[in-house]
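Participant: Output the structure for:
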Amino acid sequence: MNEIINNKILNYYLDQYSLKQYLNIDLLNSCKIYTFGKNETICTLNNKLEYMYFLVKGKAKVTTLLSSGQSLLLCFNTPLSIIGDLELLDNPYADCNVVTLDSCTCIAIPIWSIHKFGYEDPIFLRFIISSLEKKLRNNSLYSSINILYPLENRFASYLLSIIPSDSNTVTIEGVNHISELLGSSYRHLNRIIKALIDSRIIRKTKNEIHILDIGKLEALAKDIYK
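Facilitator: Model prediction:
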């Protein structure tokens, strides 16, 4: 994580997402801008949050940890997403892991500043409520996806969601890790991967998956993790 001290860049993103109409002057004066590299953690489950982040560039993966110790994919964050709004009121500890999929830029406001300048501001609070409403709807959608869609469709969509914008190759942590994220067994996912390889849709090496036919993969994905 690196801080960028550049008011021109900060104001560019504030204007691009119309944030000035929701943040009062004290909150605006508290804004900082941070960049995160690929595969860098923005927040960690059960760690205390020092900032609330507005993701204004890039994409991040949001996961949680089950009581079994397995990770589960919750959603993907794209601009404009707020990270830390759920933790504002009673629990300052992150309820999920957020890891970047590519280079990301965030506007950050210290939690102490929000407590001091945002708690009595109805415009800011309505903005946060709107964000929470969208998260609730999305969480319901993702829960339905995990129950109703076959693994083949979810895996195809997952690959398309994490693929770099400048490449057709996805670096993976391992099939077991992906199977956990998608709520599947290792063997079931391996069968899906073999079928996609046999259909010449993908090619797999030890730590990489190469997309050979992105059109067929998109047809399987059905915009599930859009």
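
Participant: Look at the nearest residue to residue 66 once chain neighbours are set aside and say how many residues are nearby.
Facilitator: Here the nearest residue to residue 66 in space, its sequence neighbours aside, is residue 72; by CB to CB, 6 or more residues apart in numbering that works out to 5.7 Å. Placement of C-beta: from N, CA and C, glycine included. Residue 72 has 16 neighbours, counted by other CB atoms under 10 Å.

Participant: again with residue 92
Facilitator: Residues lying near residue 92 (other CB under 10 Å) number 14.

Participant: Surely it touches residue 111?
Facilitator: Yes. If you go by CB atoms under 8 Å, residue 92 and residue 111 touch, sitting 6.6 Å apart.

Participant: hmm, back to that, which secondary structure element contains the residue nearest to residue 66?
Facilitator: Using DSSP states H and E, residue 72 sits in strand 71-77.

Participant: which helices and strands sit right next to that strand?
Facilitator: Counting contacts by 3 or more CB pairs under 8 Å, 6 or more residues apart in numbering; DSSP states H and E, strand 71-77 packs against strand 60-65, helix 122-148, helix 175-181.

Participant: redo that, cut-off 6 Å
Facilitator: Applying 3 or more CB pairs under 6 Å, 6 or more residues apart in numbering; DSSP states H and E, we find strand 71-77 packed against strand 60-65, helix 175-181.

Participant: Export these as CSV, with columns for distance to residue 218.
Facilitator: Converted to CSV, these look like this (distance: least, CB to CB, whole Å):
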stretch, distance to residue 218
strand 60-65, 19
helix 175-181, 19
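
Participant: These: which one's closest to residue 162?
Facilitator: Each of the helices and strands packed on strand 71-77 was scored for nearness to residue 162 using CB to CB, and the closest is strand 60-65 (7.0 Å).

Participant: And residue 157, how far from residue 140?
Facilitator: Plainly put, residue 157 is 17 Å away from residue 140 if you go by CB to CB, to the nearest Å.

Participant: Compare the two (neighbour count), which wins?
Facilitator: The neighbour comparison of residue 157 against residue 140 (other CB under 10 Å) goes to residue 157, with 23 against 10.

Participant: Not counting its neighbours along the chain, what's nearest residue 64?
Facilitator: Nearest non-adjacent residue to residue 64, counting by CB to CB, 6+ apart: residue 96, 4.9 Å away.

Participant: Kindly report the same for residue 10.
Facilitator: The shortest distance from residue 10 to any non-neighbouring residue, by CB to CB, 6+ apart, is to residue 33 (4.9 Å).

Participant: Dig out what the one you found forms beta bridges with.
Facilitator: In this entry, residue 33 is beta-bridged to residue 4, residue 107, by DSSP bridges.

Participant: roughly how far apart are it and residue 108?
Facilitator: Separation of residue 33 from residue 108 (CB to CB) stands at 7 Å.

Participant: ok, now which ones touch the residue nearest to residue 10?
Facilitator: For residue 33, the contacting residues are 4, 10, 107, by CB atoms under 6 Å, 6 or more residues apart in numbering.

Participant: Cool, thanks, signing off.
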